[in-house]
Structure formats: structure tokens, C-alpha cells
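Participant: Give me the fold of what follows.
(chains A, B and C)
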Amino acid sequence: MSQSIAAGPFAHDRSSVDRIMLQVCLALVPATLFGLVMFGWPAINLWIITCASALATEAACLHLMGQPQRRLLDGSALLTGWLLAISLPPWAPWWIGVGGSVFAIGIGKQLYGGIGQNIFNPAMLARVALLIAFPLHMTTWALPAPLFSAGAPGFLEGLSITFGGMPLTDSMVGATALGNLKTELTLNHTADEILSKSFSFWSAFFGTTAGSMAETSEFLLLLGGGWLIAKKIIHWEIPVSMLLAVFVMGVIAQQANPAGYPGGFYHLASGGLIMGALFIATDPVTSPVSRTGRLIFGVGCGVLVYLIRTWGNFPEAVAFAVLFMNALTPLIDRYWRPRAYGRNARGKPLVAAKWTSQVKEVDKV
Amino acid sequence: MFNLVRRIQGGVHPDARKDLSVGPEIAYLPVPERLYLPLRQHAGAEALPLVKVGDLVLKGQLLAASPSEVSAPIHAPSSGRIVEIGPILAPHPSGLNVNGIVLECDGEDRWIELDVPADPFSLSPQVLAERVAQAGVVGLGGAIFPAAVKLKQGTRHEIKTVIINGSECEPYLTTDDRLMRERAAEIVEGARLIQHILRAYSIVIAIEDNKPEALEAMKAASAHHGAIEVMAIPALYPMGSAKQLIFEVTGREVPAGGRSTDVGVLVHNVGTAYAIQQALRYGKPLISRVVTVSGSCVKNPANLEVLIGTPAQTLMDACGGLIGKPAQFMLGGPMMGTVVPSLQIPVIKGATGLLALSEDELPRKDVSPCIRCSRCVDACPMGLTPLEMAVHARADDLDSAGESGLRDCILCGCCSYVCPAHIPLVQYFQYAKGKQDERRGTERKNSYIKQQTEARAARLAEEEAAKAAAKAAKKAAAAKPKKEVES
Amino acid sequence: MIMATLALALMGVLLGAALGFAARYFAVTDENPMIKEIEQLLPGGQCGQCGVPGCGAAAVGMVEGTLPVTCCPPGGMGLAEKLATLLGVTLDAGEMAAPRLARVEANECIGCTRCYKACPTDAIVGASGQLHCVLLDACTGCGKCVDVCPEDCIDLVAQEPSLDTWRWSKPQAA
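Facilitator: As a prediction, the model looks like this:
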């Protein structure tokens, strides 16, 4: 019999960090598979190389920090690499993926002190760094060329696109809806004109458009994210408040000036918003811990996404919005704590009802 | 009446494992050879022994008296001879000793003459509360707070509701469940006596909805008493915690730093209600209790009515002994129970259960860093932020830990239960609260020492002054006659 | 360019002069108020276990840095932590000495009354010809009684852990 003086409780649910990470990866599988099939061999190559280099960087950092290599198995590095990969342009060269992974894991996560210590979402940090350093490569969007379909690159051609630096012809690439809208608005076309020519809600929703590797199919992402919320692996507050904020702002703007602004549904179905709301902003390490905190965080992200998309320089804004709110998370956590039992929202003890705390006359026997 | 909407926040659903021990009826354990009675089996001051080694005592005889208000007396659970008064192994994780009385039983189990009242309901609340105090009744749900002290609150506060706690939310434990099924009438009478003492308006008997037979039995027993409501509450850990129970039953929260009387409620465990009834109806002191013996290392888990002070080994033998290799012994439930070093410890008043757990029943121990998933925040029934408190506790920053929630923590263990990184959250809080106790003790001692030093300095100064005054007086007295002679 | 340089140089000279003036004429020469504050926190038993005569000297030593904040065994870890926060130093928990309290060996005591007269906190009770006994609650372990006892029957002993003093130890970190 063990003689160690351990304290209770001697019961535990079956949760563990690797289970959580694995379940998030599972939720990403439908959208990822769709994206890999939609964009063919180059996408597959990029996804593999990005995830592999994330794991390799993590292994190297763990070794340098003197931590056990079994931490590699907790799935967090794999998830970060996966999220980064699927937010990249699918036919990007291999060094974009590798460089991004090394930056995400090495600087975005391990340099802050390892898992649980980073302030910013590592995948988004890397994506923003790549976007600013290599704007051309990061905005060259391949048109969908489903695997094994006519005209899609074969296995060898895929290798040369990803690893061989083969230049992409004009017939292979196209603009995303967000990118197209921004450029056309500057040419003084009205929003509804532009949208009627280039945007179809359902094809955007189901994902048969140009875009990041796996951010295109909002439908499959919603399925995966919805499953995560149902299993209580992520909290509902951030996705709901973020999407609602964007939607409401979009609707209001469109009602105010239909010529200048696209509507709420357009925003929901384009770019990385759904993916950002369900998988990026909900990263537990960088988001607040209380319900009110998460709602504020989500609304903040949503507002920022809308503002940057509409009036900012960049067509896509999710990464910037999330990073900005990540910086505010410690502040949100400090001022919006959950209400403790027996205290009011400010933390002062509740006042006992007067009639119950009256001292009674002691009965005479 | 079912509560469809759960009001309390947080809480967890551990594997109940009640099916192991809930089947058989309560069995009576025969009188053991020796009984080991620690002098402190209650919250408060240690009881003072009234007997000497060699004394012959009868069953129910007073062995040790309460030295103060917040304390409880100890009575002889059986007749026999006192063989030792001194250190005995304490049922405590440290393996240290505690002062206690060892009673060698003569096997005859002869009762002392008891003072049986004709009708307890005709006595005044003061007299009844005093009788409960003299019977040594303490909270049998595990808190072991002297019941009489709670009952005397009825004279100072208006108590609207008495809640009889039949939740039994800890896994493995089924003692309250069986007690309610088999002794419902006595528990109801105990509840009514408590109501009478407190002059309370109503009684609510709260039972978790995973005990349908107990609910039926208590409903039947209380059917013809108007002011008693039997309420089914959702089965959740820690529903049996007083603060959570009060909120679930009445919708009112006990203010932080306050007591349940601040919201007009007092809570008593069903076992305590039964003990109060036995004390007031039959004059019997608290000398036995029902204990659940369970765990996968027990051959035949069951509920046993045992005399206080029975060695745990005796209970285990009565349940067929151990099978396999137990990794841990516990008194109480697995969430908040006391780890005990071996089975050589006595069963005390607060022992709701005796568990022999195997390695499989214990959670794995490798700790990894916090990923701020906030499942602990979701699970905390007090609405605190355990992840933040643990960071402060680990840095030994007790003031920040207190402010971020440690001062309200009830040490229920829900946070440790859900943490995916297996961080020992509640263990950090137990450590931090221990340090706070230690610090308070040292501060008290320091201010006492300061007082003593100043008092001594004052006394010496006074003595000096008195000496000087006496000297001066002597001088004056010596000078006076001289003057008189001169003039 | 020249004007900018001259302007900045002039500002520098003026501000420097102002600082020098303040340093000379507004200097705080009174005793550091922290010394008084720390002395208030110390037990005041003047036991000398810290190695300097009296709590006042200990307070001075701690402020000057010649004494560590863990120098006071009667104050315990609680006091050490408070002092560490006040003085802004880090606390090395291992440095604390365990408290030792006096104990009179009953068989050897002759009832001479010298020890209780020497005790600064009146922690020893007794009378002439009667057995002397130490009240642990008031004893600081200063050792004055040990020095004066003619029979050498008082010792300073480390306290045995009891159920009242036992506490949970810190869990292992990740």
C-alpha cells in the first residue's frame, strides 16, 4: 500500500490535454479534407510540410528548454501547424509553410515560455508575419483545381509547385471575394454590382471558391465547430458574439448605404471569419476565462474584423483582429471576473436580509 | 417536487459507484475487543477526560467532558474497563498520534441508566439544546461541528427553514441513503425536534434524485406532518455542501463571510437528525454511527452500524476483508475525505465511509502546464478562478491568492477533478490555506508576546516606582521626628 | 543646428543644477521611517536570537541589509514574508530556523526562581521552592533562562509536530 501522503480528490474525469487537442484536430478534418481535395497535390504537400516542421520545431525547442520530449504528444504543436497550414494560400511554396511554422512555434509559443504562456495566438502571429514579409506569395490565391480532375496538377507537378518554385500562370490563380471587392470598390463600382458579378453566397458557403487551404468551406467548418461546442470543448460565447457582431454591423452598413457596403451574409461567408471565430479566437491560452470576458472578447474581435475589412488597408482582417484582442485578454480577465457565490459582481459580500439577522429576545425558560 | 432548473453554478458528475454498497441493509457490527476514542472527534476544543486508567465504565457513560461551548463530550460506546489514556494513532494523513482513551470491552454491553424524557416536544428549546450538547452529537455528514451550538442559534436568529441534508453527493457513500430507507420515521421525528428547538417555520428534506427509494420512504414518513417538504434535487457534486444546498433549495445565497443563519436557514445531515432524535427521545448519547465500507478492494461492500472507536480493520474484516492490493485507504468520500495511513485507525464520529481504493480507481498523476482552458472556472461551485489562485499559491503570494478567490474556496475539489493538465489545484489551495492558518497563529503569538513584554516592563516599572516611593516615605518618616525634636 | 544644440545644452545645465540643489537642500536626513515600521512588526521580546541586541537594532540591520529577513525565529515565516514584501527582497524559504522553545526538566528543578525573573515575557511560572514550568505560548526561545539556571535543567528544544501544527506541503509543480 502506498505510504505517500497525497491529498484528494481521488477522482478525475477522463479529460486530458491531448484529448482536447485531438478533438479539435478531428473537428478540422472535414474542412481540411475538402480543401486538400479542392486544391490538389500542392495543397497536400504544403499541409504535410507545415505540420511536420511545426512538430520538428517543437521537438527542438523542448530539447533546448530541457523539457521532456513526451510533451510533443500533447498535440498542441500539431494543432498550431495545422491551423497555420490551412490559413495559407494552398499553392504557396514550401518555405512559406516551414518559415511560418518555425516562427509560430519557436517565437510565438516557446519563446514566451512554452505551452500556456503565450499572449498571442501563435498561428495568427506567424500568418501576419508572413503576410507582411511576403505579401505577394501570401496573396496569390490558386483557383480550385480538384484532385484528379482535368487540368489539375498531377503528383509530380504538385511537387514542383510546392518545392520546385514553379511560377503560377494567370490561369491558375484568381482573386478571393474579399480581395476582389476591395479593388473594385476603388474603381467606383457599387457593392451590389460587384457582388452580383463575382459573389455567390452558396458557393462561398460550401467552399467552391478561391481562398485559403481550408477556410473556404464555411459549411464544413461550422459542422466541426458546432460539434466542438456541443462537446463543451470550446465555449459558445466567442464564436456567437464574434459572428453576430460582424453580421449586425454588416446589415446596418448595408441598410445605410447599399452601394458602398456588402451585407452581413457576405461577410459571414467570406474569408477566414468562420474559421477564425470557431478555431482561432477560441484558443484557450489566449482568450479570457469568464463568460462575460469571452463575450467582450468576441464582440471586440467581430467589430475589429468589420472595421479593418471595410476601412483598413488589408482585405482580410481576422488575424489582426484576433491578435489585437489577445493583447487585451489579460486586462479583460482582470476586470471581468466571474461573480463569486455570496458576493456581488464587484466582489463585495452580499448584504444579509435585515429581517433574518435581527437578534431575538432570549426566551425565558 | 422536482427541481427541473438547476440553480447552482459549476459542479461535476463523478462516477457515483453507489451500486457497490447500496444493496444490503445496514448490518450491526458486534462489540469489538477494544475501542479507541480520540478526545477530539469534533470541531473545537479537545474534551477533558473524567475517568482514570483502571476505571470500569458502562455503555453511554460520560468519559470526557467539553471544556467550552464549541466542543463535544465523549461517551463510552460499550461497557468495559479503561486501559489507557494517552496517545493513539490518529485517523489523519500525517500518521501522528492524538490523545485518546482506550476502552477494553467486557462484551456485556451494559447500558448506564438513561434519563428518558416523557415527551421531548414538551420540553423547552433551551433544555433540549442542552441535552443535545450533553449527548455529544456532532455533524455526522463529515463537518463534525457540535450540533448543539447550531441549535442554540435559534435563540439569536430567526430561522425560517430547516434543511435536512440527504444529498450525499460524494461517490461511494450510501450511508445516508440506507438510513433514509430504513429509519425514515426516526429521521422525520429528529427533523421535527430540530424545528421545535429552532422555532423554525418549515422543514425541507433535500434528497438527490438518484435516490428514488429514499425519496419515497421519506415522503411516506412525513406525509401527515404539514410543514415538512421532501424535495428532490439534481444529483451533482457538491450539492451536499451547505452553501450550495441552501441556494438550490431556497434560492438565497449565504453572504461571503456570513453564516447560513444570515439567510434564515440551518442545515443538518440526516444522520445528525437521527442522532438528535435518539438523544432526545431515548436519552442515548452518540456512541455509534452507520459507515459505508466500499471501494474495489473490499470483498463485500456494505453499510455497517459500528460503535465509535472500532478499529477500521474490524470493519474491513466484517466485509469479507481486502481483495487485491489497495493503493489508498480513506475515511469519507474520495473527493473531500481524509487519507489514512493504514487500517489501524479508529472509526470516529465524522467517518461517513471507509474506502479501500485500488490503483485503477485513483487518477493518473503526471502534471503538465496549464493551458487556460478554464474548465476549472466552469466547474467551480463558488464561481472562483482556480487557475489564477493556483498561480498565486504556487508563488506563495497568499494575499493575492486570497483576493483572487482563496478566501471563498470550500476545497471541494471540482477544479482538480476537471483539469485536463492534472494540475493539483485544490491541493495548492489546501497548502495555501494551511500557510494562512500558520501565519495567523504566528501573528497571534507575536502580538501576545508583545503584550507580555510590555506588561512585564510595566510591572517592573511599577515595582521600581513603589520601591522608590517606599524609600522616599522612609526618608520622610526618618526626617520628621528629627524636625519635631528640633522645633 | 547650432541653435538646437545650444538650446538643449542650456536645458541640460539648468535641469542638472535644479537636481543638485534639490539633492542638497531637500535631502531626507531623518531616520528611515521604514525602521520604525519594521520594529513595530517584530515581536519585541528583545531575545537576541537574531544575533544583535534588541529588536530595534534588528530593524536597523534589516533595512541596511546586514541582516536577512529570516533572522527572527519567533516571528516565523509569516513575519519573514511580510518583511520581504516591505523591503522588496526575495525570500529564500530554506533559511528559516525552526523555532526552539524552553523546557524545564522537572526532576532537576530546585525552585530557585532565577529563571522566571530573567524571562522577558514572563513565560515561566513558579514560586520559591515550587516547580517551575514554561508556558509555551509566551516563550520566544531567547535562552535567557538557560543562562541563569544554576542546575542547568532548562533546555531549548525543537517542537515536535502535532496534529495542531501539521500542514499540507506544497504540491510538486509541472
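Participant: Tell me which residue of the stretch 1-150 of chain B lies closest to chain C.
Facilitator: Going by CB to the nearest CB, chain C is nearest to B:S94 of the stretch 1-150 of chain B, at 4.6 Å. Every C-beta, even on glycine, is put in place using the N, C-alpha and C of the backbone.
Participant: Tell me how many other residues surround that residue.
Facilitator: 16 (other CB atoms under 10 Å in any protein chain shown).
Participant: A:L223 should be in a strand, yeah?
Facilitator: No - counting by DSSP: H, G, I helix; E, B strand; the rest coil, A:L223 falls outside a strand, being helix.
Participant: What separation do you get for it and chain B?
Facilitator: According to CB to the nearest CB, to the nearest Å, A:L223 and chain B sit 22 Å apart.
Participant: same question, A:T162
Facilitator: 32 Å.
Participant: And that residue, what's its pLDDT?
Facilitator: We have a pLDDT of 83 for A:T162.
Participant: right, and it touches A:I49 too?
Facilitator: Yes - if you go by CB atoms under 8 Å, A:T162 and A:I49 touch, sitting 7.2 Å apart.
Participant: Between those two, point out the one with more neighbours.
Facilitator: Neighbours were counted for A:T162 and for A:I49 using other CB under 10 Å; A:T162 has more, 27 against 21.
Participant: Identify the residues contacting that one.
Facilitator: By CB atoms under 8 Å, 6 or more residues apart in numbering or on different chains, A:T162 lies in contact with A:41-42, A:45-46, A:49, A:91-94.
Participant: mind running it again at 7 Å?
Facilitator: Applying CB atoms under 7 Å, 6 or more residues apart in numbering or on different chains to A:T162 gives the contacts A:42, A:45-46, A:93-94.
Participant: Next: B:C169.
Facilitator: Here B:C169 is in contact with B:208, B:236-240 (CB under 7 Å, 6+ apart).
Participant: Can you get me a residue count around A:L147?
Facilitator: Around A:L147 there are 17 residues (other CB under 10 Å).
Participant: From chain C, how far out is it?
Facilitator: Taken as CB to the nearest CB, the span from A:L147 to chain C is 43 Å.
Participant: Please apply the same query to B:I205.
Facilitator: B:I205 is 35 Å from chain C, by CB to the nearest CB.
Participant: Okay, and the beta partners of that residue?
Facilitator: Beta-bridge partners of B:I205, counted by DSSP bridges, are B:I164, B:V230.
Participant: shouldn't it be in contact with B:N165?
Facilitator: No - using CB atoms under 7 Å as the test, B:I205 is too far from B:N165 to be in contact (8.6 Å).
Participant: still on that earlier bit, taking the contacts of A:T162 one by one, which sit in helices?
Facilitator: A:42, A:45-46, A:94 (DSSP state H).
Participant: who in chain B is up against chain C?
Facilitator: Counting by CB under 7 Å from any CB of the partner chain, chain B comes close to chain C at B:90, B:92, B:94, B:96, B:98, B:367-369, B:394, B:424, B:427-428, B:430-431, B:434-435, B:438-439, B:442-443, B:445-446, B:448-450, B:452-453, B:456.
Participant: quick one, what contacts the residue of chain A found nearest chain C?
Facilitator: For chain A, the residue closest to chain C is A:A7, as judged by CB to the nearest CB, at 5.9 Å. Residues near A:A7 by CB under 7 Å, 6+ apart: B:427, B:430, C:168.
Participant: Strands - which of the residues of chain B next to chain C land there?
Facilitator: Those of the residues of chain B next to chain C mapping onto strands are B:V98, per DSSP state E.
Participant: coming back round to it: need the nearest residue in space to the residue of the stretch 1-150 of chain B closest to chain C, chain neighbours excluded.
Facilitator: C:W166 (4.6 Å; CB to CB, 6 or more residues apart in numbering or on different chains).
Participant: With A:A129 instead?
Facilitator: Nearest to A:A129 is A:F103, by CB to CB, 6+ apart, at 5.5 Å.
Participant: ok, the one you found touching A:R127?
Facilitator: No - the criterion here is CB under 7 Å, and A:F103 misses it with A:R127 at 9.3 Å.
Participant: So for chain C, the centremost residue is which one?
Facilitator: Centroid check for chain C by CA atoms, centre = their mean gives C:C72 as the closest residue, at 3.7 Å.
Participant: Is the nearest residue in space to that residue that is not next to it in sequence within a helix or a strand, and which one?
Facilitator: Spatial nearest neighbour of C:C72, chain neighbours left out: C:C50 (5.5 Å); criterion: CB to CB, 6+ apart. Assigned by DSSP states H and E, C:C50 belongs to neither a helix nor a strand.
Participant: If I look at the residue nearest to B:S94, what pLDDT would I see?
Facilitator: At C:W166, pLDDT is 87.
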